[in-house]
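Q: Following is a predicted model, sequence given first.
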Amino acid sequence: MLLHGRIPKHVGIIMDGNGRWAEQRGLPRIEGHRRGVERTKEVIEIAEEIGIKILTLYAFSIENWQRPSTEVATLMRLLESYLKRELDLLISKGIVFKTIGDTKRLPGHIQKIIEHAEQQTASNKGMILVTALSYSGRDEIVRAVKKIFSDGIKPENLTEEILNSHLDTAGLSAPDFIIRTSGEMRLSNFLIWQAAYSELYFTDTLWPDFTKDEFLIAMQDYQRRERRFGSIIVRADAL
């Protein structure tokens, strides 16, 4: 499926539905997460192919720490395996790998793998792949405010630009388009500051079934949107 026209610069994805996908098939939840990892790789590839500049994936929320310890441990192993296996591919495609979130809560050896991947891809010039790990939007804002206090910035001098510069996403544009799979119709603490004017797309498809074609259908939906950013569109014949 070819795609022409306006491509969003920054796409965020809430990759939801791995557990339900497995349960519907009588499989252990971990099998859903494994299939989800495979789908993630495919979507990264198609996003890079069509020219998206920034792709942010909601991989592991702060709330996910409340899941059973065995499931969390398995998710960490899948993350470790993915980063080790795919790093060469990210480098070969010129992809920059970044993370957002309270990554200090991740196991030490995972933090080292992430640091290595970020260092190895830092000089790349292609798509920026942002992975949200141990992340929540509210936590990000609280941490940003603490940094602002620590920098000695007075409340009367605080601006949106200063807050932006203290967020995990500092230096990145706001997401133009956010996709959520699995039928849930909420952001669930994902980029809640940055998503103020993002176009939203919800699909009933569970993440392990979200194919490249479905991703392109979502992009075509975005291309039909009129982005107003709070203003109005005035028709030429109305002047």
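A: It's in.

Q: Where does Y201 fall, secondary structure wise?
A: According to DSSP states H and E, Y201 maps onto strand 199-202.

Q: And the next helix or strand past that strand?
A: Counting by DSSP H and E, what follows strand 199-202 is helix 212-223.

Q: Spit out the contact partners of I30.
A: 22, 71, 74 (CB atoms under 8 Å, 6 or more residues apart in numbering). To be clear about C-beta, it is placed using only N, CA and C from the backbone, and glycine gets the same treatment.

Q: what does the helix or strand containing the second one rub up against?
A: Following DSSP H and E, one finds E71 within helix 69-92. Helix 69-92 is contacted by residues 29-30, 33-34, 37, 40-41, 59-60, 64-65, 67, 97, 106-107, 109-110, 113-114, 116-117, 120-121, 124, 129, 133 when judged by CB under 8 Å, 6+ apart.

Q: Phi first, then psi, for the nearest residue to D151 once chain neighbours are set aside.
A: Sequence neighbours aside, H166 is the residue nearest to D151 in space, at 7.8 Å (criterion: CB to CB, 6 or more residues apart in numbering). Main-chain torsions, H166, degrees, to the nearest 10: phi -110, psi 0.

Q: Please apply the same query to I128.
A: Dihedral angles for I128 - degrees, to the nearest 10 - are phi -90, psi 120.

Q: what number of residues lie near it?
A: By other CB atoms under 10 Å, 20 other residues sit near I128.

Q: Ok, Q119 next?
A: 10.

Q: same check, this time on K93
A: Neighbours around K93, by other CB under 10 Å: 17.

Q: after the helix holding E71 comes which helix or strand?
A: strand 96-100.

Q: tilt between the helix holding E71 and strand 96-100?
A: 150 degrees (axes from the mean of the first three to the mean of the last three CA atoms, to 10 degrees).

Q: ok so, going back, ok, the contacts of I30 vs L191, which is closest?
A: E71 (24.2 Å; CB to CB).

Q: any idea how far S198 is from the closest one?
A: Look at E71 and S198: by CB to CB, to the nearest Å, they are 29 Å apart.
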